[in-house]
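1. pasting the structure only:
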Ligand SMILES: Nc1ncnc2c1ncn2[C@@H]1O[C@H](COP(=O)(O)OP(=O)(O)O)[C@@H](O)[C@H]1O
Ligand SMILES: [Mg+2]
């Protein structure tokens, strides 16, 4: 019996007179990997930030792990596109920031930090500062620090959007491997259809004006997935149609 | 070959290039004061001889002989003491003005109005309030160091990237811990800049500070020498202040490079 991890119910969000989200409904089971996809400005980040607790819905309800979201918390780790690492801390101390902030004993922090430094393959760089790392390494640190903080849900806002193609592919593989091992619930925002099909159990498509969820597609392809397979490309075409319906194509 | 070239290149950049202009100036100075028996401006040679007398004596045997160390120590003590006092006041004030709206509304306008008043303008009032002597000197030097530290601390604690607050929040940082865990470390480069400028300013205003009738100090020495028309002593005092200020700034820079090696702007 699957456990419900996230429930978004009739969520509206307005900024002044601007409607960023209208009637958003979303249910996510524990351990699911969800991709949110859609054109820029359709409210993906807004929905993610509401889940994180950085923004409050204007109306509606958001539950994570059965509890209503009342603000940011360590059960929901966020990975930002611009990393958001603390520049004055080494890789090690960045990863241990959450446990230290929550007052865990030092010995325990040191132990788990080492585990996650290894998991993201940064043992050789553990004493470097963020400005001495490449973009891919920074994002590995950002992922490791939410994992080390026992986050049950990981919210990722176009985390690989600023990386070059090779690094992005490596990190996609690593993320899937970590996800398979930890069975975390992941909400991953992207605007790349291929990335969404490659990674997720379900692709939730959004549209703008006002921002809303328009489709929810289950991806049943076996993992690891082959981007050149017939099934993969069939899905790519159908999602493409969802995101760019023919009538809007005519309008351009 | 190319290695030798780059090494000599670097030597040229770091030593020869900065030395060019001073050398030209000294030569011009020497040419201008040569063959002038009653020049108001002493020659470089006279200045050099006087420097030796200031340091070890045995040449003029007057009130200035062998006083270099005494005066240097007196001024250095005042500069660092007053700088520390300024830092102790300006750092917490700057952090409060930067982060607390009430403190900002209450204090910021006052400091904005007081800031343009130069240290020299405070001299008369300071001598009335603190009397002639070291207390006045201390106050004036501290005043000179105070504003750069205050302004940069305010700027430092206000310009923390909002993303870092979000990151700290989602990792479970409690609101009360936000200041020590995020604001303070993020503000360190700004605070450091303020401290460095403040210390530099202390050296700048030391002469004004020592116009208050203190017996020793490089500023006091310059004022005494002026009244006696001993311009070579005045120039030696200027050279000593410049050198002491420079060395003290380099020391702070090195310290900053160690403490702020996480910051791309500071890691040398
Ligand atoms: N804090 C805010 N204030 C005003 N408008 C906002 C704010 N945040 C987002 N918006 C607007 O809401 C819309 C959706 O934004 P966002 O969720 O960032 O879109 P996406 O991430 O899908 O590109 C955009 O038009 C954006 O300008
Ligand atoms: Mg976005």
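-> Great, that's in hand. Because the structure is a prediction, the values reported are computed rather than measured. Ligands and ions are numbered 1, 2, ... in the order given.
2. going by C-alpha atoms from here, please, whenever you check contacts or count neighbours.
-> OK.
3. does residue A:46 touch residue A:20 like I think?
-> Yes: taking contacts as C-alpha atoms under 8 Å, residue A:46 lies within contact range of residue A:20: 7.3 Å.
4. how about the helices in the stretch 51-200 of chain B?
-> B:68-99, B:101-114, B:119-130, B:134-158, B:162-170, B:178, B:184-209 (DSSP state H, counting those that start in this stretch).
5. C-terminal to the last one, what's the next element?
-> Proceeding C-terminally, helix B:184-209 gives way to helix B:218-227 as the next helix or strand, assigned by DSSP states H and E.
6. looking at residue A:46 and residue A:20, which is more packed in?
-> Between residue A:46 and residue A:20, counted using other C-alpha atoms under 10 Å in any protein chain shown, residue A:20 has the larger neighbour count: 22 against 19.
7. OK, contacts around the more buried one?
-> Counting by C-alpha atoms under 8 Å, 6 or more residues apart in numbering or on different chains, residue A:20 makes contact with A:12-14, A:41-43, A:46, A:209-211.
8. wasn't it part of a helix?
-> No: assessed by DSSP: H, G, I helix; E, B strand; the rest coil, residue A:20 does not belong to a helix; its assignment is strand.
9. need the pLDDT of it.
-> Residue A:20 carries a pLDDT value of 96.
10. equivalent analysis for residue B:198, please.
-> With respect to pLDDT, residue B:198 has a value of 97.
11. ok, now which ones touch the closest residue to it other than its chain neighbours?
-> Excluding its sequence neighbours, the residue lying closest to residue B:198 (C-alpha to C-alpha, 6 or more residues apart in numbering or on different chains) is residue B:145, at 4.0 Å. Residue B:145 makes contact with B:82-83, B:86-87, B:197-202, according to C-alpha under 8 Å, 6+ apart.
12. and ligand 1, which of the contacts of residue A:20 contact it?
-> A:41-43, A:46 (C-alpha under 6 Å from any ligand atom).
13. still on that earlier bit, how close does the residue nearest to residue B:198 sit to residue A:17?
-> Separation of residue B:145 from residue A:17 (C-alpha to C-alpha, to the nearest Å): 49 Å.
14. what's the burial count for the residue in the stretch 101-250 of chain A that chain B sits nearest to?
-> Of all residues in the stretch 101-250 of chain A, residue A:101 sits closest to chain B, with a separation of 5.1 Å (C-alpha to the nearest C-alpha). Burial of residue A:101 is recorded as 18 neighbouring residues (other C-alpha under 10 Å).
15. coming back round to it: what's the farthest-apart pair in the contacts of residue A:20?
-> Distances among these were taken as C-alpha to C-alpha; the most separated pair is A:12 and A:41, at 15.0 Å.
16. more neighbours: those two, which one.
-> Neighbour comparison, residue A:12 and residue A:41: the larger count goes to residue A:12, with 21 against 15 (by other C-alpha under 10 Å).
17. residue nearest the middle of the chain, spatially speaking?
-> No chain in the question, so chain A it is. Central residue of chain A (C-alpha atoms, centre = their mean): residue A:156, 2.3 Å from the mean position.
18. let me rephrase: I mean chain B.
-> Using C-alpha atoms, centre = their mean, the most central residue of chain B is residue B:200, at 1.6 Å.
19. ok, now which ones touch it?
-> Contact analysis of residue B:200 by C-alpha under 8 Å, 6+ apart lists B:145, B:245, B:249.
20. of these, closest to ligand 1?
-> In terms of C-alpha to the nearest ligand atom, no member of the contacts of residue B:200 lies closer to ligand 1 than residue B:145, at 40.0 Å.
21. ok, that closest one to residue A:21 distance?
-> From residue B:145 across to residue A:21, the span is 52 Å (C-alpha to C-alpha).
22. now, the ones next to ligand 1 among the contacts of residue A:20 that are in helices?
-> residue A:46 (DSSP state H).
23. how about the ones next to ligand 1 among the contacts of residue A:20 in TSV, adding pLDDT?
-> What follows is the ones next to ligand 1 among the contacts of residue A:20, written out as TSV (pLDDT from 0 to 100):
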residue	pLDDT
A:41	93
A:42	95
A:43	96
A:46	97
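24. burial measure for residue A:15, as a count.
-> 9.
25. tell me what it is bridged to.
-> residue A:18 (DSSP bridges).
26. please name the residues that touch residue A:55.
-> By C-alpha under 8 Å, 6+ apart, the contact set of residue A:55 is A:46, A:49, A:71.
27. where does it fall, helix, sheet strand or coil?
-> Recorded secondary structure, residue A:55: coil (three-state DSSP).
28. residue B:187: neighbouring residues, count only.
-> 20.
29. if you could redo that for residue B:121, that was the one I meant.
-> Applying other C-alpha under 10 Å, I find that residue B:121 has 10 neighbouring residues.
30. which residues does residue 56 contact?
-> In the absence of a named chain, chain A is used. Contacts of residue A:56 (C-alpha under 8 Å, 6+ apart): A:13, A:50.
31. not quite, go with chain B.
-> For residue B:56, the contact set (C-alpha under 8 Å, 6+ apart) comprises B:65-66.
32. again, but for residue B:165
-> B:178, B:182.
33. per-residue confidence at it?
-> So residue B:165 comes in at 97 (pLDDT).
34. contact partners for residue A:216?
-> Residue A:216 neighbours (C-alpha under 8 Å, 6+ apart): A:202-205.
35. please repeat the previous calculation with a cut-off of 6 Å.
-> Taking C-alpha atoms under 6 Å, 6 or more residues apart in numbering or on different chains, we find residue A:216 in contact with A:203-204.
36. element containing it?
-> Using DSSP H and E, residue A:216 falls within strand A:212-218.
37. show the average pLDDT along the helix or strand just after that strand.
-> Heading C-terminal from strand A:212-218, the first helix or strand you meet, by DSSP H and E, is helix A:230-243. Helix A:230-243 shows a mean pLDDT of 93.
38. need the pLDDT of residue B:2.
-> Looking at residue B:2, its pLDDT stands at 56.
39. quick check: the residue nearest to residue A:32 when sequence neighbours are not counted vs residue A:217, distance?
-> Nearest residue to residue A:32, sequence neighbours excluded (C-alpha to C-alpha, 6+ apart): residue A:185, at 5.1 Å. For residue A:185, the distance to residue A:217 (C-alpha to C-alpha) stands at 17 Å.
40. among those two, which residue is more densely surrounded?
-> More crowded of residue A:185 and residue A:217, by other C-alpha under 10 Å: residue A:185, with 22 against 18.
41. low-confidence ranges in chain B?
-> By pLDDT under 70, the low-scoring segments of chain B are B:1-5, B:267-268.
42. what do you get if the cut-off is 80, keeping everything else the same?
-> Low-confidence segments of chain B, defined by pLDDT under 80: B:1-8, B:12, B:36-39, B:267-268.
43. closest point of it to ligand 1, which residue?
-> Here chain B gets closest to ligand 1 at one residue, residue B:162, 12.5 Å apart by C-alpha to the nearest ligand atom.
44. tally of neighbours for that residue?
-> Per other C-alpha under 10 Å, the neighbour tally for residue B:162 reads 9.
45. just give the number of residues close to whichever residue of the stretch 151-252 of chain A sits closest to ligand 1.
-> Among all residues of the stretch 151-252 of chain A, residue A:211 sits closest to ligand 1, at 6.8 Å; criterion: C-alpha to the nearest ligand atom. Residue A:211 is flanked by 24 other residues according to other C-alpha under 10 Å.
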